[in-house]
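*Asks:* 3D, please:
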Amino acid sequence: MNRQMKILLAVFIACLLAVAVNLTWIQIFGAEHISENAYNKRRLVDEYSVLRGDIMTEDGEVVAKSVDTGEQYRYQREYPAGDVYSCVTGYDSWRYGRSGLEKKFNKELLGQGSPQSFKSLASKLVGSSKKGDSLVLTVDSRLQRAATDALGEQRGSVVAMDPKTGAVLALVSYPTFDPNVTVPLEGRNTEEEWTALNADPESPLINRATTGLYPPGSSFKVVTSAAALSLGVVHLASPFDCKGRLVVQGFTIYDFNRRGHGLLDFERALIVSCNVTFSQVGLRLGAEALVRYAELFGFNTVIPFELPVAKSHIQSAGSMDKVALASSAIGQAQDLATPLQMALVASGVANGGALMQPYLVDEVRDYNGKIIRQFSPKLWGRVTSRETAHTLTDIMVKVVEEGTGIRARINGVDVAGKTGTAEIEGKEPDAWFIGFAPAYDPKVAVAVLLEQGGEGGVTAAPIARQVIEEALSL
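*Replies:* Model prediction:
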C-alpha cells in the first residue's frame, strides 16, 4: 500500500512539475511569440487601447496621430497630410499591419520602448488611457512639400539631407499612397482600395527612395573620380581623346552624343560627362580599386537606416572583365543604386570626404513632451581625403556653371552637381542629378531620380534646383 501511494505521489509530482515547466516556458519563451501572433485578437485590442504617440516633423507638423473611435480597436491612426509623408511614416492598421517608421518604432509609439514614468503608471492605476511616446523627425515639412511639388507626378524619388550630420530633410517617392486607406473605421470599406493599391502596376507601396534600385549612369562618375584622384591614377590635366566611341574587347561603348569631345583633360571630361574618358579611367583604375571605393561610399552594404533599404550593387572585382569594368566606371553594367545611396555619394564629397550615417528620427518624447531619447550624428566612414573632396567640389561647381548640370544653376549660389542619364535597353533612360549647396559650406545635398526621365541634365536638374532653393531659404 505504501508503495502504491509513493508511486501515485510521484506521478502527481511529475504532473505538477510538467505543468510548472510548461507555464514557465510559455511565460519566458513563448509569451512574446503568442503576443506577436497576427491572429491574437486580444493583443490587437490591447495595442489599440493605447493612445499611440504622434509622429511630427522637425518644425512641428503632426503627420500621424491617433483618434478615439469608440470602437473595439479604440485608438486608430489618422494621417492629416495624406500621401505627403507616407514613404516616411508608413502605416499602422489592425487589419493590414504596419510599415515604415510605424513599424520600426512600434514599441516607442506604444510607450513600451523605455521605462514608464511614475505619472504614466499612476494613470494606469486610476483607469486613464495608456499613452505612447512621440517621434520628432529630421524632416522639414516645407522642404518635404517642396520636393513633393517639384517631383509632381513623375515616377521617381527625391532625397535631401544635411551632409554635415546625415539628417534626412526630405524623402519623397512617387507614385505613392494615402495611408488613411489602411485604417478600417466603421462605415469605411477599405478592402477595395487596399486591393487596388497592391494590384497597381505602378507599385505605389514601394518606397523608391530606399528600396528602388536603378543604374546610376553618369552620376556614378563622382565615385570613379574620387577613386582615380585619390590614387593618383589621373590628375586634373591628364589628357584624353574622345572620338565618340571606345571599343573594349569587341564591345563598343558610345559617348552620349556619339560625336565625341575630341581632345580634353580629365577635369573637362567630368564637366561634359564624357563616357569614353571615364571608361578609360576605369580601365586604368582596375576592378579592385573601383569596387573598393564604391564600397566606401556604401555600395554592396545595407545602409544603416530606420527604413528598409535595398543594397546598392556593384559587381565583384573578381567577376569583372574589361568590358564590365569600363561600363561600370560610367554607372552601367551591373551597377545599381537607390536614391538614398546617391544622396550619400553627394554628401560624402560635400562633407570633405567624411560620410555621415543617414537618419530620420531626431528625438523620442514622452506624452508630456519630455525628451527621453535623442539621436546624434554618427560618422559612417571616410570616402576620400579632404583635398580630393575639395577638388571634386570645384569640378562639380563647373558642371553646374557650364556643363551638363546648368539647369541646376542658382543665381548667387555655388551649386555643385553631377547629372546622370542611365541607359536601359528597350526603354527611355533613367534621369539623375546629385549635388549640394552652397558648395563650400553645404547646407543640403540632394539626389533626384526620374524613371525613364530622359536626360538627367534636362529633367532631373531643375527638380534639384527647386529643392535646393527651398532648403537655402529655410
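*Asks:* Let me know the average pLDDT across the helix or strand containing residue 445.
*Replies:* Residue 445 belongs to strand 444-450 when assigned by DSSP states H and E. The average pLDDT for strand 444-450 rounds to 98.
*Asks:* again with stretch 383-394
*Replies:* 98.
*Asks:* Use 272 as the first number from now on
*Replies:* In the new numbering, first residue 272, that becomes stretch 654-665.
*Asks:* coming back round to it: report the next helix or strand after the strand holding residue 716 in sequence order.
*Replies:* Downstream of strand 715-721, the next assigned helix or strand under DSSP H and E is helix 727-744.
*Asks:* phi, psi of the closest residue to residue 687 other than its chain neighbours?
*Replies:* For residue 687, ignoring the flanking residues on the chain, the nearest one in space by Cβ to Cβ, 6 or more residues apart in numbering is residue 667 at 3.7 Å. Every residue, glycine included, has its C-beta placed from N, CA and C. Here is the backbone geometry of residue 667 (degrees, to the nearest 10): phi -70, psi -30.
*Asks:* From residue 535, how far off is residue 667?
*Replies:* As judged by Cβ to Cβ, to the nearest Å, residue 667 and residue 535 stand 17 Å apart.
*Asks:* so what's the closest residue to residue 522 other than its chain neighbours up against?
*Replies:* Counting by Cβ to Cβ, 6+ apart, residue 594 is the residue found nearest to residue 522 once chain neighbours are left out, at 4.6 Å. Listed by Cβ atoms under 8 Å, 6 or more residues apart in numbering, the contact partners of residue 594 are 519, 520, 522, 604.
*Asks:* Try it again at 10 Å.
*Replies:* 518, 519, 520, 521, 522, 523, 524, 550, 604 (Cβ atoms under 10 Å, 6 or more residues apart in numbering).
*Asks:* Also residue 697?
*Replies:* Counted by Cβ under 10 Å, 6+ apart, residue 697 has zero contacts.
*Asks:* roughly how far apart are the residue nearest to residue 522 and residue 484?
*Replies:* Residue 594 sits 21 Å away from residue 484, taking Cβ to Cβ as the criterion.
*Asks:* downstream neighbour of the helix or strand of the chain with the lowest mean pLDDT in the secondary structure list?
*Replies:* Ranking every helix and strand in the chain by mean pLDDT, DSSP states H and E puts helix 389-396 at the bottom, with a mean of 47. Using DSSP H and E, the helix or strand that follows helix 389-396 in sequence is strand 401-402.
*Asks:* Could you pull up the mean pLDDT of the helix or strand following that following strand?
*Replies:* As assigned by DSSP H and E, the chain's next helix or strand after strand 401-402 is strand 405-408. Mean pLDDT, strand 405-408: 98.
*Asks:* Please point out which parts of strand 405-408 sit buried.
*Replies:* 405, 406, 407, 408 (16 or more other Cβ atoms under 10 Å).
*Asks:* what's residue 514 sitting at in phi/psi?
*Replies:* Here residue 514 shows phi and psi, under degrees, to the nearest 10, equal to phi -100, psi 10.
*Asks:* okay, now the residue nearest to residue 687: neighbour count?
*Replies:* Residue 667 is flanked by 28 other residues according to other Cβ atoms under 10 Å.
*Asks:* you'd agree residue 473 is up against residue 426?
*Replies:* Yes. Contact between residue 473 and residue 426 holds when scored by Cβ atoms under 10 Å: they sit 7.0 Å apart.
*Asks:* Neighbour count: the two, which is higher?
*Replies:* residue 426 (18 against 12).
*Asks:* Please list all residues in contact with the more buried one.
*Replies:* Counting by Cβ under 10 Å, 6+ apart, residue 426 touches 444-446, 473-474, 479, 483, 701, 720-724.
*Asks:* any chance of those residues in CSV, plus distance to residue 640?
*Replies:* Converted to CSV, those look like this (distance: Cβ to Cβ, whole Å):
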residue, distance to residue 640
444, 31
445, 34
446, 36
473, 40
474, 38
479, 34
483, 36
701, 44
720, 37
721, 40
722, 41
723, 46
724, 43
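*Asks:* what about the stretch 272-421 of the chain, any weak spots by pLDDT?
*Replies:* For the stretch 272-421 of the chain, the stretches with pLDDT under 70 are 272-283, 285-286, 289-311, 385-400.
*Asks:* now residue 599: how far from residue 736?
*Replies:* 29 Å.
*Asks:* Residue 383: neighbouring residues, count only.
*Replies:* Residue 383 has 15 neighbours, counted by other Cβ under 10 Å.
*Asks:* did I read that right, it in a strand?
*Replies:* No. Assigned with DSSP: H, G, I helix; E, B strand; the rest coil, residue 383 falls outside any strand and is coil.
*Asks:* Give me the most central residue, this protein.
*Replies:* By Cα atoms, centre = their mean, the chain has its centre lying nearest to residue 481, at 3.5 Å.
*Asks:* Where does that residue sit: helix, strand or coil?
*Replies:* Going by three-state DSSP, the secondary structure assigned to residue 481 is helix.
*Asks:* and it, what is it in contact with?
*Replies:* 358-359, 371, 428, 430, 439, 442, 444, 574, 576-581, 609-612, 629, 631.
*Asks:* go with 7 Å
*Replies:* Residue 481 is in contact with 576, 578, 579, 580, 581, 609, 611, counting by Cβ atoms under 7 Å, 6 or more residues apart in numbering.
*Asks:* swap in residue 520?
*Replies:* 592, 593, 594.
*Asks:* Considering those, which is situated nearest to residue 354?
*Replies:* Checking those against residue 354 by Cβ to Cβ gives residue 594 as the nearest, at 42.7 Å.
*Asks:* Now the strand or helix carrying that closest one: buried residues?
*Replies:* Secondary structure from DSSP H and E places residue 594 in helix 593-599. Judged by neighbour count using 16+ other Cβ under 10 Å, the buried positions of helix 593-599 are 594, 595, 596, 597, 598, 599.
*Asks:* doesn't residue 522 make contact with the fourth one?
*Replies:* Right, the one you point to is residue 597. No. Applying Cβ atoms under 7 Å as the test, residue 597 and residue 522 come out as separate, 8.2 Å apart.
*Asks:* Quick check on residue 449: phi, psi?
*Replies:* Per-residue torsions, residue 449: phi -90, psi 110 (degrees, to the nearest 10).
*Asks:* meant to ask about residue 531
*Replies:* Per-residue torsions, residue 531: phi 90, psi 160 (degrees, to the nearest 10).
*Asks:* doesn't residue 514 make contact with it?
*Replies:* Yes. Contact criterion Cβ under 7 Å: residue 531 and residue 514 qualify, at 4.7 Å.
*Asks:* what about the two, which has more around it?
*Replies:* residue 531 (16 against 11).
*Asks:* show me what contacts that one?
*Replies:* Contacts of residue 531 (Cβ under 7 Å, 6+ apart): 513, 514, 515.
*Asks:* taking the mean pLDDT, what do you get for the lengthiest strand in the chain?
*Replies:* The longest strand of the chain (DSSP state E) is strand 698-708. Across strand 698-708, pLDDT averages out at 97.
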